[in-house]
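Engineer: Here's a sequence, model it:
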Amino acid sequence: MGFPGTWMTESGTLIYRVVPKCACSTIGQIMYYSDNGAFFDGDIHDSKDKLHKWGQEDSRPVIEAGIRAHEARIFTCVRNPYTRILSAFFDKIAGIQRNGNRYRGKLVPMLTQKYGVQVEGDFDQIASFRRFLLFARDTIQYRRPMDPDIHWSAMSGHVSTLVTNGGRYDQIFFTERFQDGMGRVLEGIETPHPVDLPRIPRFNESEGHGPKRLHPVEDYFDDLSMHLMLEMYKQDFELFRYDFDTPANKMPTGEIDLDEVHAKLGPRAVA
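Structural biologist: Numbering: from 1, shown residues only. A predicted model of the protein is given here:
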């Protein structure tokens, strides 16, 4: 299986397990800048060199060796499950992608036909999102009508791949406390180019893809929606210390226990 979704600086200072919809564009650009003194011109997910990625064949042995040696700082970033899946809906389902098309081609027409999701014109955001949530639950719990997409599959699933294959995180921080968390990742590391974190822009590559969210987060989640969220993301809420009972509270309720994460997501963890 290896280490899918893992990026590493060519200088060997940082190793990052990407979790979609959790500031991954900004983190990738910071890593790229720390080695090259400039940002990648475009979406960092499109870069093909100057940043090792597991998806690039030549990078795989380098990343694996880096994780085994653990001389780099290994980290990832997580986000409140409520705001994360809302972001996935407005970006990937309601939005138009960079290529001018809908995400994954026939996905949205299928959602319209099978789940009644409407994303054209002045649609009912709350009703369509709740229908999408039912679809997301079906993909995660039953793997139908398709396997879960990386943008709404559980964060713990992404995070676990590195642990299952023998890696260990030095830090997992919160998107909601990005400056503090990324600052601690960079603390004490000598990168080829210094990173002035307060001056780094946020690279929200999904911004503008979809319609603006019209309602507060909590308005999208009724009792049934919250039940579906618990089915999909119970471990995310518990491990990463987010408040399941209060969708309006996007902030974490405590610090992440790395020992607990490694114990519960590692190769010996009992499902």
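Engineer: how about the residue lying closest to Arg202 once chain neighbours are set aside, what does it touch?
Structural biologist: Once flanking residues are discounted, Arg202 sits nearest to Thr26: 5.3 Å by C-beta to C-beta, 6 or more residues apart in numbering. C-beta coordinates here come from the backbone N, C-alpha and C atoms, glycine included. Contacts for Thr26 (C-beta atoms under 8 Å, 6 or more residues apart in numbering) come out as Phe178, Ile200, Pro201, Arg202, Phe203, Asn204.
Engineer: Switch the residues you listed over to a markdown table; also include neighbour count and pLDDT.
Structural biologist: Converted to a markdown table, the contacts of Thr26 look like this (neighbours: other C-beta atoms under 10 Å; pLDDT from 0 to 100):
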| residue | neighbour count | pLDDT |
| --- | --- | --- |
| Phe178 | 19 | 97 |
| Ile200 | 16 | 92 |
| Pro201 | 8 | 89 |
| Arg202 | 10 | 87 |
| Phe203 | 18 | 88 |
| Asn204 | 13 | 76 |
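Engineer: and which of those residues is nearest to Gln113?
Structural biologist: Asn204 (30.9 Å; C-beta to C-beta).
Engineer: and that closest one, what does it touch?
Structural biologist: With contact set as C-beta under 8 Å, 6+ apart, Asn204 has these partners: Ser25, Thr26.
Engineer: That one sits in which helix or strand?
Structural biologist: Using DSSP states H and E, Asn204 maps to neither a helix nor a strand.
Engineer: quick revisit: any idea which helix or strand comes after the host helix or strand of the residue nearest to Arg202?
Structural biologist: Taking DSSP H and E as the criterion, Thr26 maps to helix 24-36. Per DSSP H and E, the first helix or strand lying C-terminal to helix 24-36 is strand 52-53.
Engineer: Buried residues of the helix or strand just after that next one, list them for me.
Structural biologist: Using DSSP H and E, the next helix or strand after strand 52-53 towards the C-terminus is helix 60-69. Residues of helix 60-69 classed as buried under the neighbour-count rule (16 or more other C-beta atoms under 10 Å) are Arg60, Ile63, Glu64, Gly66, Ile67.
Engineer: Touching, the fourth one and Gly12? I think so.
Structural biologist: Yes: shown here, Gly66 and Gly12 form a contact pair, counting by C-beta atoms under 8 Å, at 6.0 Å.
Engineer: Now for these two: what residues contact both?
Structural biologist: By C-beta under 8 Å, 6+ apart, the residues touching both Gly66 and Gly12 are Ala72.
Engineer: so how many other residues sit close to the closest residue to Ile200 other than its chain neighbours?
Structural biologist: Spatially, and ignoring its direct neighbours in sequence, Ile200 is nearest to Ile30 (6.0 Å; C-beta to C-beta, 6+ apart). Counted with other C-beta atoms under 10 Å, residues neighbouring Ile30 total 23.
Engineer: what distance separates the helix holding Thr26 from the middle of the whole chain?
Structural biologist: Between the centre of helix 24-36 and the centre of its chain there are 15 Å (C-alpha atoms, centre = their mean, to the nearest Å).
Engineer: Please enumerate the helices of the stretch 151-271 of the chain.
Structural biologist: Secondary structure of the stretch 151-271 of the chain (DSSP state H, counting those that start in this stretch): helices located at 155-164, 178-186, 223-239, 258-265.
Engineer: closest to Leu111 out of these?
Structural biologist: Using C-beta to C-beta, the nearest of the helices of the stretch 151-271 of the chain to Leu111 is helix 223-239, at 15.3 Å.
Engineer: about what we covered before: the residue nearest to Arg202 and Met146: what is the separation?
Structural biologist: 29 Å (C-beta to C-beta, to the nearest Å).
Engineer: And Val195, by the same measure?
Structural biologist: 39 Å.
Engineer: Compare the two and say which is more crowded by neighbours.
Structural biologist: Using other C-beta under 10 Å as the criterion, Val195 and Met146 rank with Val195 on top: 17 against 12.
Engineer: Leaving out the residues flanking it, which one is nearest to that one?
Structural biologist: Ser34 (5.2 Å).
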